[in-house]
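# Mind folding the following:
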Amino acid sequence: MGFYIRRSVSAGPFRFNLSSSGVGLSVGVKGFRVGTGPRGNYVHMGRGGLYYRASLGGPGRRSHPVPATPIAEPTSLASMETGNVLEMRPSSGSHLLEQINEKLALFRLWPWTLAAGILLTLLLAGQPSLAPVAGVMPIATLIATLAAAYWDRQRKTVVVFYDLEGASLQSFERLARAFDEVARAQRIWNIETSGHTDDWKRNAGASQLISRKPARLTYKSPAVVKTNIAVPAILGGRHSVYLFPDAALVIEQSRAGAISYGQLSVQWLNSVFLESDAVPGDTQVVGHSWRYVNKNGGPDRRFNNNRQIPRVLYQEMKISGPAGLQKILQISKNTDRTEFDRSLDALRAVVAQLQNVSAKSLTATTT
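Residues are numbered from 1 along each chain as shown. Take a look at the predicted model:
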(Lines give C-alpha, C1' and ligand atoms only; values in the text may rest on other atoms or scores of the structure.)
Protein backbone atom coordinates (compact mmCIF):
# COMPACT_ATOMS: atom_id res chain seq x y z
CA MET A 1 0.00 0.00 0.00
CA GLY A 2 1.44 3.33 -1.07
CA PHE A 3 0.92 6.90 0.05
CA TYR A 4 -2.62 8.35 0.02
CA ILE A 5 -4.74 11.15 1.51
CA ARG A 6 -8.42 10.56 2.23
CA ARG A 7 -11.13 13.21 2.54
CA SER A 8 -12.96 11.31 5.29
CA VAL A 9 -12.18 8.93 8.14
CA SER A 10 -14.61 6.53 9.84
CA ALA A 11 -14.14 5.55 13.47
CA GLY A 12 -17.03 3.40 14.64
CA PRO A 13 -20.29 5.40 14.24
CA PHE A 14 -18.32 8.62 13.74
CA ARG A 15 -17.26 10.01 10.38
CA PHE A 16 -14.87 12.91 9.96
CA ASN A 17 -15.07 14.82 6.68
CA LEU A 18 -12.54 17.28 5.31
CA SER A 19 -13.77 20.20 3.23
CA SER A 20 -12.33 23.49 2.06
CA SER A 21 -13.69 25.19 5.19
CA GLY A 22 -12.41 22.67 7.75
CA VAL A 23 -13.32 19.37 9.35
CA GLY A 24 -16.87 18.23 10.06
CA LEU A 25 -18.10 15.39 12.26
CA SER A 26 -21.18 13.26 11.70
CA VAL A 27 -22.58 10.27 13.55
CA GLY A 28 -25.17 7.66 12.61
CA VAL A 29 -25.67 4.76 10.26
CA LYS A 30 -25.85 4.48 6.49
CA GLY A 31 -28.78 6.51 5.26
CA PHE A 32 -29.15 8.53 8.47
CA ARG A 33 -26.38 10.68 9.89
CA VAL A 34 -26.33 13.67 12.19
CA GLY A 35 -23.31 15.97 11.93
CA THR A 36 -21.64 19.16 13.05
CA GLY A 37 -20.14 21.83 10.84
CA PRO A 38 -16.48 22.60 10.20
CA ARG A 39 -16.39 25.18 13.01
CA GLY A 40 -16.50 22.49 15.72
CA ASN A 41 -13.99 21.52 18.41
CA TYR A 42 -10.80 21.15 16.43
CA VAL A 43 -7.33 22.59 16.67
CA HIS A 44 -5.64 23.89 13.54
CA MET A 45 -1.86 24.25 13.68
CA GLY A 46 -0.40 26.44 10.93
CA ARG A 47 -1.61 26.58 7.35
CA GLY A 48 -2.20 23.24 5.66
CA GLY A 49 -1.41 21.64 9.00
CA LEU A 50 -3.00 19.45 11.63
CA TYR A 51 -6.55 18.94 12.84
CA TYR A 52 -7.40 16.60 15.66
CA ARG A 53 -10.27 15.62 17.92
CA ALA A 54 -9.27 14.57 21.43
CA SER A 55 -11.34 11.41 21.82
CA LEU A 56 -14.44 9.48 20.78
CA GLY A 57 -15.51 7.68 23.93
CA GLY A 58 -15.24 10.29 26.65
CA PRO A 59 -12.17 11.18 28.70
CA GLY A 60 -10.16 8.30 30.04
CA ARG A 61 -8.09 8.10 33.17
CA ARG A 62 -4.94 10.18 33.02
CA SER A 63 -1.88 8.02 32.92
CA HIS A 64 1.08 8.65 35.24
CA PRO A 65 4.44 8.43 33.44
CA VAL A 66 6.82 5.76 34.69
CA PRO A 67 10.50 5.41 33.80
CA ALA A 68 11.23 3.11 30.90
CA THR A 69 12.83 -0.14 32.01
CA PRO A 70 15.88 -1.14 29.93
CA ILE A 71 15.82 -4.55 28.30
CA ALA A 72 18.09 -7.03 30.08
CA GLU A 73 20.89 -8.23 27.84
CA PRO A 74 23.85 -10.59 28.29
CA THR A 75 26.87 -8.83 29.77
CA SER A 76 28.84 -9.25 26.55
CA LEU A 77 26.22 -7.50 24.43
CA ALA A 78 24.94 -3.95 24.66
CA SER A 79 21.46 -2.90 23.61
CA MET A 80 21.62 -0.91 20.37
CA GLU A 81 18.02 0.35 20.55
CA THR A 82 17.79 2.94 23.29
CA GLY A 83 15.70 5.89 24.41
CA ASN A 84 12.98 6.78 26.92
CA VAL A 85 9.88 7.55 24.87
CA LEU A 86 8.25 9.46 27.74
CA GLU A 87 11.02 12.07 27.48
CA MET A 88 10.47 12.54 23.74
CA ARG A 89 8.24 15.59 23.41
CA PRO A 90 8.04 18.02 20.48
CA SER A 91 7.88 21.76 20.97
CA SER A 92 4.23 21.75 19.85
CA GLY A 93 1.39 19.24 19.85
CA SER A 94 2.03 18.09 23.44
CA HIS A 95 -1.70 17.95 24.19
CA LEU A 96 -2.24 15.48 21.37
CA LEU A 97 0.66 13.38 22.64
CA GLU A 98 -0.94 13.28 26.08
CA GLN A 99 -4.19 12.08 24.52
CA ILE A 100 -2.37 9.28 22.70
CA ASN A 101 -0.64 8.18 25.90
CA GLU A 102 -3.95 8.19 27.76
CA LYS A 103 -5.52 5.96 25.12
CA LEU A 104 -2.55 3.60 25.09
CA ALA A 105 -2.77 3.26 28.90
CA LEU A 106 -6.46 2.25 28.89
CA PHE A 107 -6.94 -1.46 29.54
CA ARG A 108 -9.18 -3.48 27.24
CA LEU A 109 -12.55 -4.64 28.57
CA TRP A 110 -13.31 -7.49 26.18
CA PRO A 111 -10.86 -10.10 27.61
CA TRP A 112 -12.40 -9.61 31.08
CA THR A 113 -15.89 -9.83 29.63
CA LEU A 114 -15.01 -13.05 27.84
CA ALA A 115 -13.37 -14.56 30.92
CA ALA A 116 -16.31 -13.63 33.15
CA GLY A 117 -18.78 -15.12 30.67
CA ILE A 118 -16.87 -18.40 30.43
CA LEU A 119 -16.57 -18.65 34.22
CA LEU A 120 -20.25 -17.92 34.73
CA THR A 121 -21.19 -20.49 32.08
CA LEU A 122 -19.16 -23.18 33.85
CA LEU A 123 -20.70 -22.32 37.22
CA LEU A 124 -24.24 -22.44 35.83
CA ALA A 125 -23.56 -25.70 34.01
CA GLY A 126 -22.88 -27.34 37.37
CA GLN A 127 -26.38 -26.47 38.59
CA PRO A 128 -29.03 -28.77 37.04
CA SER A 129 -31.83 -26.36 37.91
CA LEU A 130 -30.09 -23.60 35.94
CA ALA A 131 -29.36 -25.70 32.85
CA PRO A 132 -31.61 -23.58 30.55
CA VAL A 133 -29.78 -20.42 31.59
CA ALA A 134 -26.41 -22.12 31.08
CA GLY A 135 -27.49 -23.04 27.56
CA VAL A 136 -27.90 -19.43 26.47
CA MET A 137 -24.82 -18.11 28.30
CA PRO A 138 -22.36 -18.83 25.41
CA ILE A 139 -24.47 -16.66 23.07
CA ALA A 140 -24.80 -13.94 25.70
CA THR A 141 -21.05 -14.09 26.34
CA LEU A 142 -20.31 -13.72 22.62
CA ILE A 143 -22.62 -10.72 22.27
CA ALA A 144 -21.22 -9.06 25.40
CA THR A 145 -17.62 -9.68 24.26
CA LEU A 146 -18.26 -8.19 20.81
CA ALA A 147 -19.93 -5.17 22.39
CA ALA A 148 -17.01 -4.70 24.78
CA ALA A 149 -14.51 -5.00 21.91
CA TYR A 150 -16.45 -2.36 19.96
CA TRP A 151 -16.50 -0.06 22.97
CA ASP A 152 -12.75 -0.63 23.49
CA ARG A 153 -12.07 0.45 19.94
CA GLN A 154 -14.03 3.67 20.40
CA ARG A 155 -12.64 4.76 23.76
CA LYS A 156 -9.05 3.93 22.72
CA THR A 157 -9.16 6.03 19.54
CA VAL A 158 -7.71 9.46 18.75
CA VAL A 159 -8.62 10.96 15.37
CA VAL A 160 -5.88 12.98 13.67
CA PHE A 161 -6.83 14.83 10.49
CA TYR A 162 -4.26 16.36 8.14
CA ASP A 163 -5.12 19.00 5.57
CA LEU A 164 -1.98 19.02 3.43
CA GLU A 165 -1.57 21.32 0.48
CA GLY A 166 1.13 23.16 -1.40
CA ALA A 167 4.65 22.79 -0.05
CA SER A 168 3.58 20.64 2.91
CA LEU A 169 1.91 18.09 0.62
CA GLN A 170 4.79 18.07 -1.87
CA SER A 171 7.45 17.61 0.82
CA PHE A 172 5.59 14.79 2.56
CA GLU A 173 4.89 12.99 -0.73
CA ARG A 174 8.58 13.31 -1.56
CA LEU A 175 9.54 11.73 1.76
CA ALA A 176 7.03 8.93 1.15
CA ARG A 177 8.61 8.16 -2.24
CA ALA A 178 12.10 8.05 -0.70
CA PHE A 179 10.71 5.84 2.08
CA ASP A 180 9.32 3.48 -0.58
CA GLU A 181 12.77 3.15 -2.14
CA VAL A 182 14.24 2.02 1.19
CA ALA A 183 11.33 -0.38 1.72
CA ARG A 184 12.05 -2.11 -1.61
CA ALA A 185 15.09 -3.87 -0.11
CA GLN A 186 14.56 -7.62 -0.02
CA ARG A 187 15.56 -7.90 3.64
CA ILE A 188 15.53 -5.40 6.50
CA TRP A 189 16.53 -6.19 10.08
CA ASN A 190 16.44 -4.29 13.36
CA ILE A 191 19.75 -4.57 15.22
CA GLU A 192 18.91 -5.53 18.81
CA THR A 193 22.32 -5.87 20.48
CA SER A 194 25.98 -5.56 19.61
CA GLY A 195 29.15 -6.52 21.44
CA HIS A 196 32.84 -7.36 21.08
CA THR A 197 34.10 -10.95 21.02
CA ASP A 198 37.63 -12.34 21.37
CA ASP A 199 36.61 -15.73 19.99
CA TRP A 200 37.15 -14.70 16.38
CA LYS A 201 38.29 -18.21 15.41
CA ARG A 202 34.82 -19.70 15.98
CA ASN A 203 33.01 -16.68 14.56
CA ALA A 204 34.42 -16.61 11.03
CA GLY A 205 37.00 -14.00 12.00
CA ALA A 206 34.44 -11.50 13.28
CA SER A 207 35.39 -9.33 16.24
CA GLN A 208 31.91 -7.87 16.66
CA LEU A 209 28.72 -9.85 17.19
CA ILE A 210 25.19 -8.56 16.72
CA SER A 211 21.72 -9.94 17.25
CA ARG A 212 18.99 -8.87 14.88
CA LYS A 213 15.33 -9.48 14.09
CA PRO A 214 13.27 -8.80 10.95
CA ALA A 215 11.85 -5.29 10.58
CA ARG A 216 9.28 -3.85 8.19
CA LEU A 217 8.94 -0.53 6.43
CA THR A 218 5.28 -0.14 5.58
CA TYR A 219 2.32 2.24 5.85
CA LYS A 220 0.47 1.85 9.12
CA SER A 221 -0.99 4.04 11.85
CA PRO A 222 -0.58 3.31 15.57
CA ALA A 223 -3.40 1.16 16.98
CA VAL A 224 -5.00 4.09 18.83
CA VAL A 225 -4.79 6.60 15.96
CA LYS A 226 -7.22 7.05 13.10
CA THR A 227 -5.98 9.37 10.39
CA ASN A 228 -6.75 10.31 6.79
CA ILE A 229 -3.20 9.78 5.48
CA ALA A 230 -0.97 6.77 4.95
CA VAL A 231 1.73 7.00 7.61
CA PRO A 232 5.22 5.63 6.80
CA ALA A 233 6.04 3.28 9.66
CA ILE A 234 9.20 1.48 10.78
CA LEU A 235 8.08 -1.62 12.67
CA GLY A 236 10.22 -4.14 14.52
CA GLY A 237 12.28 -4.07 17.67
CA ARG A 238 11.66 -2.17 20.87
CA HIS A 239 10.48 1.05 19.23
CA SER A 240 8.02 1.57 16.40
CA VAL A 241 8.58 4.84 14.53
CA TYR A 242 5.74 6.56 12.64
CA LEU A 243 6.61 9.43 10.30
CA PHE A 244 3.67 11.85 10.51
CA PRO A 245 3.73 15.06 8.45
CA ASP A 246 4.61 17.27 11.45
CA ALA A 247 6.66 14.99 13.74
CA ALA A 248 7.87 11.44 14.27
CA LEU A 249 5.82 9.42 16.77
CA VAL A 250 7.77 6.75 18.69
CA ILE A 251 5.80 4.01 20.47
CA GLU A 252 7.11 1.45 22.93
CA GLN A 253 4.36 -0.93 24.12
CA SER A 254 1.82 1.32 25.89
CA ARG A 255 3.91 4.50 25.88
CA ALA A 256 4.39 7.12 23.20
CA GLY A 257 6.79 9.97 22.57
CA ALA A 258 7.23 12.43 19.72
CA ILE A 259 10.27 14.01 18.12
CA SER A 260 10.26 17.07 15.88
CA TYR A 261 12.01 16.66 12.56
CA GLY A 262 14.44 19.36 13.56
CA GLN A 263 15.74 17.00 16.28
CA LEU A 264 15.54 13.76 14.28
CA SER A 265 18.78 12.51 12.71
CA VAL A 266 19.11 9.80 10.05
CA GLN A 267 22.56 8.53 9.06
CA TRP A 268 23.52 5.97 6.42
CA LEU A 269 26.53 3.71 7.01
CA ASN A 270 28.18 0.90 5.07
CA SER A 271 28.61 -2.41 6.87
CA VAL A 272 30.46 -5.56 5.80
CA PHE A 273 28.62 -8.46 7.40
CA LEU A 274 29.37 -12.19 7.59
CA GLU A 275 26.04 -13.62 6.47
CA SER A 276 25.35 -17.07 7.92
CA ASP A 277 21.79 -17.13 6.51
CA ALA A 278 20.67 -17.02 2.89
CA VAL A 279 22.14 -14.06 1.00
CA PRO A 280 19.44 -11.68 -0.34
CA GLY A 281 19.40 -11.22 -4.09
CA ASP A 282 19.94 -7.46 -3.94
CA THR A 283 23.08 -7.72 -1.80
CA GLN A 284 26.65 -7.30 -3.04
CA VAL A 285 29.03 -10.11 -2.00
CA VAL A 286 32.50 -8.63 -1.41
CA GLY A 287 34.40 -11.71 -0.23
CA HIS A 288 34.30 -14.92 1.79
CA SER A 289 35.48 -16.27 5.11
CA TRP A 290 35.27 -19.64 6.85
CA ARG A 291 33.09 -20.71 9.73
CA TYR A 292 36.28 -21.66 11.63
CA VAL A 293 39.16 -19.54 10.43
CA ASN A 294 42.93 -19.36 10.94
CA LYS A 295 44.90 -16.17 11.52
CA ASN A 296 45.92 -16.11 7.86
CA GLY A 297 42.26 -16.17 6.80
CA GLY A 298 42.28 -19.78 5.65
CA PRO A 299 40.07 -22.61 6.95
CA ASP A 300 40.89 -24.31 10.24
CA ARG A 301 41.05 -27.94 9.09
CA ARG A 302 40.64 -29.32 12.61
CA PHE A 303 36.89 -28.78 12.22
CA ASN A 304 34.70 -30.92 9.98
CA ASN A 305 32.06 -29.34 7.75
CA ASN A 306 33.92 -26.03 7.84
CA ARG A 307 31.88 -24.13 5.26
CA GLN A 308 32.56 -20.83 3.57
CA ILE A 309 30.60 -17.77 4.72
CA PRO A 310 30.05 -14.82 2.35
CA ARG A 311 31.02 -11.29 3.29
CA VAL A 312 28.24 -8.99 2.11
CA LEU A 313 27.93 -5.23 1.89
CA TYR A 314 24.89 -4.08 3.78
CA GLN A 315 23.64 -0.60 4.58
CA GLU A 316 22.75 0.66 8.05
CA MET A 317 20.10 3.26 8.71
CA LYS A 318 20.79 4.87 12.08
CA ILE A 319 17.90 6.87 13.54
CA SER A 320 18.72 9.02 16.56
CA GLY A 321 17.19 11.88 18.49
CA PRO A 322 16.67 13.40 21.94
CA ALA A 323 16.06 11.37 25.13
CA GLY A 324 18.70 8.89 23.97
CA LEU A 325 16.75 7.59 20.97
CA GLN A 326 18.78 5.20 18.84
CA LYS A 327 17.42 2.68 16.36
CA ILE A 328 19.60 0.93 13.76
CA LEU A 329 18.27 -0.92 10.74
CA GLN A 330 20.35 -3.24 8.58
CA ILE A 331 19.28 -3.08 4.92
CA SER A 332 20.22 -5.64 2.31
CA LYS A 333 20.32 -3.14 -0.57
CA ASN A 334 23.24 -0.72 -0.34
CA THR A 335 22.61 2.32 -2.52
CA ASP A 336 22.72 6.11 -2.56
CA ARG A 337 20.18 7.56 -0.09
CA THR A 338 20.76 11.23 -0.94
CA GLU A 339 17.14 11.67 -2.00
CA PHE A 340 15.90 10.45 1.38
CA ASP A 341 18.13 12.97 3.16
CA ARG A 342 17.04 15.81 0.89
CA SER A 343 13.35 14.97 1.28
CA LEU A 344 13.73 14.91 5.06
CA ASP A 345 15.50 18.28 4.96
CA ALA A 346 12.69 19.72 2.82
CA LEU A 347 10.06 18.47 5.28
CA ARG A 348 12.02 19.94 8.20
CA ALA A 349 12.02 23.33 6.51
CA VAL A 350 8.28 23.26 5.75
CA VAL A 351 7.33 22.18 9.29
CA ALA A 352 9.58 24.86 10.80
CA GLN A 353 7.99 27.50 8.57
CA LEU A 354 4.45 26.40 9.53
CA GLN A 355 5.36 26.47 13.22
CA ASN A 356 6.74 30.00 12.87
CA VAL A 357 3.58 31.15 11.10
CA SER A 358 1.44 29.52 13.80
CA ALA A 359 3.50 31.12 16.59
CA LYS A 360 3.24 34.57 14.99
CA SER A 361 -0.51 34.16 14.51
CA LEU A 362 -0.91 33.18 18.16
CA THR A 363 1.17 36.15 19.31
CA ALA A 364 -0.86 38.54 17.18
CA THR A 365 -4.10 37.11 18.56
CA THR A 366 -3.07 37.48 22.21
CA THR A 367 -1.69 41.02 21.90
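# got a list of contacts for the helix or strand hosting Y242?
Under the criterion of DSSP states H and E, Y242 resides in strand 240-243. For strand 240-243, the surrounding residues in contact (C-beta atoms under 8 Å, 6 or more residues apart in numbering) are 175, 179, 220-222, 231-234, 248-252, 319, 327. All C-beta spots, glycine's among them, are computed from the backbone N, C-alpha and C.
# among those, which two are most distant?
Between any two of these, the greatest separation by C-beta to C-beta is 23.1 Å, found for L175 and E252.
# Who has more neighbours out of those two?
More crowded of L175 and E252, by other C-beta atoms under 10 Å: L175, with 23 against 19.
# Backbone dihedrals for the more buried one, please?
phi -60, psi -40 (degrees, to the nearest 10).
# Surely it is in contact with S343?
Yes. Counting by C-beta atoms under 8 Å, L175 touches S343, with 4.3 Å between them.
# need the contact list for N228.
Neighbour list for N228: I5, R6, R7, S8, V9, F16, L18, F161, Y162 [criterion: C-beta under 8 Å, 6+ apart].
# Tell me if I am right that A116 is in a helix.
Yes. Applying DSSP: H, G, I helix; E, B strand; the rest coil, one finds A116 inside a helix.
# next SSE after the helix or strand containing V250?
Per DSSP H and E, V250 falls inside strand 248-252. Next in sequence after strand 248-252, counting helices and strands by DSSP H and E, comes strand 255-259.
# picking that back up, between the contacts of N228, which is nearest P128?
Closest to P128, out of all of the contacts of N228 and judged by C-beta to C-beta, is V9, at 52.1 Å.
# which other helices and strands contact the helix or strand containing the closest one?
Per DSSP H and E, V9 falls inside strand 8-11. The helices and strands touching strand 8-11, judged by 3 or more C-beta pairs under 8 Å, 6 or more residues apart in numbering; DSSP states H and E, are strand 14-19, strand 158-162, strand 225-227.
# Recalculate using a threshold of 10 Å.
strand 14-19, strand 22-29, strand 158-162, strand 225-227 (3 or more C-beta pairs under 10 Å, 6 or more residues apart in numbering; DSSP states H and E).
# Of these, which shows the lowest average pLDDT?
Comparing mean pLDDT across the helices and strands packed on strand 8-11, the weakest is strand 22-29, with a mean of 59.
# What degree of burial does L122 show, as a neighbour count?
For L122, using other C-beta under 10 Å, the count is 11.
# pLDDT score assigned to it?
pLDDT at L122 comes out at 85.
# and it, how far is that from V250?
43 Å (C-beta to C-beta, to the nearest Å).
# contacting residues for T283?
185-187, 273, 275, 310, 312-315, 331-334 (C-beta atoms under 10 Å, 6 or more residues apart in numbering).
# let me fix that: E173
F3, I5, L164, S343.
# Just give the closest residue to the second one, not the sequence neighbours.
If I follow you right, that is I5. Nearest non-adjacent residue to I5, counting by C-beta to C-beta, 6 or more residues apart in numbering: I229, 5.2 Å away.
# Isn't the one you found up against A176?
Yes. If you go by C-beta atoms under 10 Å, I229 and A176 touch, sitting 9.3 Å apart.
# Need the residues touching each of the two.
By C-beta under 10 Å, 6+ apart, the residues touching both I229 and A176 are F3, Y4, Y219, P245.
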